[in-house]
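Chemist: Quick one: sequence and predicted model below, then my questions.
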Amino acid sequence: MSDESFQDDVLHELGDDRLQEIATLLGTDAAGAQELVGDSVSALDGELRQAASEPASADEVRQAFEEVASAEPPLQGVAGFGGLVGGGLMAGVLGKLAKPAATVVAKRTGIPAATVSRAIELLVPVVLAVITKRAASRKTGAGGGAGGAGGLGDILSGPRR
């Protein structure tokens, strides 16, 4: 997810209204909110990749990506997700990683951890939507499925659809 195109996809999926919601939460403008979104996406990426490499959580992450890769085409727009409802294993994995990611971003930016946590809570369904769309595009397009160890990297850092 640290790939700029993934951040761009998250910002596009987020939309101006939700970006403004994050800006208001932070007490900043759209540029400040975009910066926090970028930092948060990068932190979630790092946490997700770390979880995928640790024996205690690797199976859960792999299963979550397999579930996303085999899912039906996603609903259009974040509103279709209704938060984490229907997000399955990936929503749970991202939810678990939100707090450690918020801690990383708070340390890096100086923004209170509680504020960053709330912003990341707003981003989790958006990140889930983008991951799901990317997995669906790999399933139907060139590049095949997202199974195995390469699936994680392909979905997170592959080119935009």
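Modeler: Noted; the coordinates are in hand.
Chemist: okay, stretch 15-25 in PDB with CA atoms only?
Modeler: Extracted C-alpha coordinates of stretch 15-25, given in PDB (Å, rounded to 0.1, in the frame of the first residue of the first chain):
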ATOM      1  CA  GLY A  15     -13.900  11.200  -2.200                       C
ATOM      2  CA  ASP A  16     -14.000  14.900  -1.300                       C
ATOM      3  CA  ASP A  17     -16.700  14.600   1.300                       C
ATOM      4  CA  ARG A  18     -14.900  12.000   3.400                       C
ATOM      5  CA  LEU A  19     -11.600  13.800   2.900                       C
ATOM      6  CA  GLN A  20     -13.200  16.900   4.300                       C
ATOM      7  CA  GLU A  21     -14.600  14.900   7.200                       C
ATOM      8  CA  ILE A  22     -11.000  13.800   8.000                       C
ATOM      9  CA  ALA A  23      -9.800  17.400   7.600                       C
ATOM     10  CA  THR A  24     -12.400  18.600  10.000                       C
ATOM     11  CA  LEU A  25     -11.500  15.900  12.500                       C
END
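Chemist: List the buried residues for it?
Modeler: Within stretch 15-25, the residues that count as buried by 16 or more other Cβ atoms under 10 Å are 18-19, 22-23, 25. Yep, even glycine has a C-beta here, placed from its N, CA and C like the rest.
Chemist: next one: stretch 105-120
Modeler: Residues of stretch 105-120 classed as buried under the neighbour-count rule (16+ other Cβ under 10 Å) are 105-106, 109, 111, 115-120.
Chemist: Would you mind measuring from the most centrally placed residue in the chain to D29?
Modeler: Nearest to the geometric centre of the chain sits V127, at 2.8 Å (Cα atoms, centre = their mean). Taking Cβ to Cβ, to the nearest Å as the measure, V127 falls 22 Å from D29.
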